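1. Give me a model of this one.
(chains A and B)
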Amino acid sequence: MIFRSMRVGLFLMVRYLRRANPWTSLLIVSVMFLTFLNVVVVRGVLVGLPVGASVSYEAEYAGSVLITPLADRRHIERSVYIENILPGIAGYEAHSARYLASGLVRANFDRPQRASYIPDQVGAIVVGIDPAIEDSVTGLSGLIVEGRYLGADDTKSILIGYQLLDRYSGSAPQPGSPGTSGALRDVYPGDTVRLVVGGVEGEYTVAGIVSGKVAQNSRRVFMHESHLRKVLGRGIDNKDEIAIVLRSGASVDGYVSALLASGAGAYATVQTARDSQGQFLDDITSTFELLGAGIGLIGIVVAAITVFIMIFIVALNRQKQIGILKGIGVSTLAIELSYVFLSIAYAAVGISLGVAVLYLGIAPYIAANPIDFPFADGILVAPWNDTFVRSVFLVGTTLLAGYLPARMIVQKNTINAILGR
Amino acid sequence: MDNNTHISLLKTRDLSKEYKVGDIITRALGGVSIEVHEGEFVAIEGRSGSGKSTLLHMMSLLDRPSGGDVLVEGRETARFSRSERMVLRLSTFGYVFQDYALIPELTALENVLLPQFMRTGCYRTCSGQGVELLERVGLKDRLHNLPSQLSGGEQQRVAIARALVNDPKVLFADEPTANLDSDTSETIMGIFEELHGKGLTLIMVTHEPEFSARAQRTIRLADGLIAE
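-> Numbers count the residues shown, from 1 in each chain, chains lettered A, B, ... in the order given. Predicted structure coming up:
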């Protein structure tokens, strides 16, 4: 009897659907479609923010693996030894070693100033790089928004992170505020600035302005590593950061394990790029997941209520027909199932449309044109398995929302339903 | 009357029905006991509000009485579950409603086949009987028309074909000619007489004396009671 009721329910559903008011069907399908996008895309964009930030962090700064000094050390010890190990471990593609030092950048030092003038200067991390190698690892030259990248012999030129400039950061030093807490005014490529690093002050030409989503780049000053070493009086060893890029498909965890097994852990902190970002990223991701789930849940509840009302109205309008069906002996289960199947059909069409639009339109578009957030290139995180689970949940909710009103109407007294009482 | 008409097919025992609206109780039926034998053609006649349709609803198990019982082939139905009543309506009864009561989304043939589909689970391969029934009521060329594309008389003939598709033992008809012109009404009555001639038990509610006169027996109701 149950199987027969299912068949009759399906039979009725197909006829209802085929001969339904197309505008009503369109409305319900649209609700399902938009709910699907709300549940999957909004969550995907929210989660895509921290994921996008993480992607930028790896691409523009850390590579796949980042080596930094041990917590109780100033520099990476035996960094040359470690660098020699790196290419021998499976998966290695390239690496960039950097020297870091605290510095102070002064601009507009040659202009006459009033007595109340606060020096136009900012503190920054000065990074010594091999320009060609750094470019091959992090694509730093691609992040130049003004001016040019450092050449091989550009020892008297520097690159300045855009967040150190007032026209990008919007925060120049203000009277009464600490003189080094703001940003530099009117600094353009070709200008000369003074850089104090390791107690040595020198004049440098601004070659270019570095942009990007990663704070490590946007608030740093880059110069040729050989010159920085010379200024600091440091040797070739004792580097401060080593960013390693692995080949596509290589195991990051495997590489880190192999590196630690080789003894590098005794001289430096070896971490995957993700681990080096700390708990913060996980917390942000979890928070956005929660936000996405909350927004999605509200969307599902709204959709459920909408479908409930729609099916209730449809069933209420067909109250007489439902009574007739019962009167001629069609089981209540078959009648209820016809409306459940109807809801599922609407949900299936809406979700199918949503999947098509998502994976053929929105996802490729956002992948090609990431959403430009200040701290990340927003991407869309919508893995198939996650989409499937959310779709099943949506269908389940719709099923319930279709069943309840049908059940309410079907339970009415048969003759009252027929006579519209 | 044939011999088989002496077998009691349907019996009501002190059947009553009351409707309560707020504090007001309206008695639609006040203890009606009748018996219908197999093969009989019974007309239930009465003025509007006499309780004739209510009696038909109780006898056909479309509604539950406030008191009394309906016996179908000797079985008391008062304690029947919803599904047991549904099975009886599906397999033992056929019902022709006053306003045809076709499902608007289904074609004439689909309307006719639906009860059979529900009873047997057979649809496509069993459509022959539906086609045959529609041919019998003169709708051979209207099989795939929706109810909205049919006239009132045609719809009523589809409703009769639907009521017959499961070979019922009793056919109930609630004022089947009320919404039809005289020619069409005559056609419908002709179909009923033909069905009765083939041995089908018919119980028809009507307020038109010329049609009730064509039944074997007429039960007259007034104020929810049998008048004579």
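2. For the stretch 101-250 of chain A, give the residue positioned nearest to chain B.
-> residue A:249 (54.1 Å; Cβ to the nearest Cβ). (Glycine included, C-beta is placed from N, CA and C.)
3. Oops, could you answer that again for the stretch 51-200 of chain A instead?
-> For the stretch 51-200 of chain A, Cβ to the nearest Cβ, closest residue to chain B: residue A:51, 48.2 Å.
4. Now that residue: closest residue in space, sequence neighbours ignored.
-> Residue nearest to residue A:51 in three dimensions, not counting chain neighbours: residue A:381, with 5.4 Å by Cβ to Cβ, 6 or more residues apart in numbering or on different chains.
5. again with residue A:395
-> Nearest one to residue A:395, counting by Cβ to Cβ, 6+ apart, is residue A:347 at 4.8 Å.
6. could you pull out the strands for chain B?
-> Using DSSP state E, the strands found in chain B span residues B:8-21, B:24-32, B:35-37, B:41-46, B:67-72, B:75-76, B:93-96, B:170-174, B:201-206, B:217-222, B:225-226.
7. Chain A now?
-> A:65-68, A:92-106, A:121-129, A:144-147, A:157-161, A:192-197, A:200-210, A:220-224, A:241-246, A:269-272, A:371-373, A:376-378.
8. Quick check, residue A:61 in contact with residue A:217.
-> Yes. Residue A:61 lies in contact with residue A:217 (Cβ atoms under 8 Å); the separation is 6.1 Å.
9. closest one to residue A:233 among the strands of chain A?
-> When these are compared by Cβ to Cβ, strand A:200-210 sits nearest residue A:233, at 9.0 Å.
10. for residue A:347, what are its contacts?
-> Contacts for residue A:347 were tallied using Cβ atoms under 8 Å, 6 or more residues apart in numbering or on different chains; they are A:32, A:307, A:394-395, A:398-399.
11. let me redo that: residue A:328
-> With contacts defined as Cβ under 8 Å, 6+ apart, the neighbours of residue A:328 are B:89-90, B:95, B:114-115, B:162-163.
12. so which of the contacts of residue A:347 comes closest to chain B?
-> Nearest to chain B among the contacts of residue A:347 is residue A:307, at 19.7 Å by Cβ to the nearest Cβ.
13. Let me know the pLDDT of residue A:172.
-> For residue A:172, the pLDDT comes out at 56.
14. now swap in residue B:12 and tell me
-> 92.
15. pretty sure it is in contact with residue B:58, am I right?
-> Yes. Using Cβ under 8 Å, residue B:12 is in contact with residue B:58, at 6.9 Å.
16. And the residue minimising distance to the centre of chain B, how far from residue A:415?
-> With distances taken as Cα atoms, centre = their mean, the residue of chain B nearest its centroid is residue B:172 (1.6 Å). According to Cβ to Cβ, to the nearest Å, residue B:172 stands 12 Å off from residue A:415.
17. any chance you could map the helices in chain B?
-> Applying DSSP state H to chain B gives helices spanning B:52-59, B:82-91, B:108-120, B:127-136, B:152-164, B:182-197, B:209-212.
18. So for chain A, which of the ones you listed sits nearest?
-> helix B:82-91 (2.7 Å).
19. Which other helices and strands does the closest one contact?
-> On a contact count with 3 or more Cβ pairs under 8 Å, 6 or more residues apart in numbering or on different chains; DSSP states H and E, helix B:82-91 meets helix B:108-120.
20. If we go by neighbour counts, what in the helix it packs on is buried?
-> B:108-119 (16 or more other Cβ atoms under 10 Å in any protein chain shown).
21. re earlier: just the closest of the contacts of residue A:347 to residue A:255, please.
-> Nearest to residue A:255 among the contacts of residue A:347, with distances taken as Cβ to Cβ, is residue A:394, at 40.2 Å.
22. I'd say the closest one and residue A:33 touch.
-> No. Counting by Cβ under 8 Å, residue A:394 does not reach residue A:33; the two are 10.7 Å apart.
23. Report the set of residues contacting both of these two.
-> residue A:351.
24. So between those two, which is more surrounded?
-> residue A:394 (26 against 21; other Cβ atoms under 10 Å in any protein chain shown).
25. count of residues packed around residue A:65?
-> Other residues close to residue A:65 by other Cβ under 10 Å number 27.
26. show me the residues around the closest residue to it other than its chain neighbours that make contact.
-> Closest residue to residue A:65 apart from its sequence neighbours, by Cβ to Cβ, 6+ apart: residue A:244 at 4.2 Å. Residues counted as contacts of residue A:244 (Cβ under 8 Å, 6+ apart) are A:63-67, A:86, A:92, A:94-95, A:137, A:255.
27. Dump those into TSV; add pLDDT as well.
-> Below are the contacts of residue A:244 laid out as TSV (pLDDT from 0 to 100):
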residue	pLDDT
A:63	93
A:64	94
A:65	95
A:66	95
A:67	95
A:86	94
A:92	95
A:94	94
A:95	94
A:137	94
A:255	95
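28. Could you identify which of those residues has the most neighbours?
-> For those, neighbours tallied by other Cβ under 10 Å; top is residue A:67, 29 neighbours.
29. what's across from the spatially closest residue to residue A:223 that is not a sequence neighbour in the sheet?
-> Among residues not flanking residue A:223 along the chain, residue A:158 sits closest, at 4.7 Å (Cβ to Cβ, 6+ apart). Beta bridges link residue A:158 to residue A:206, residue A:223 when assigned by DSSP bridges.
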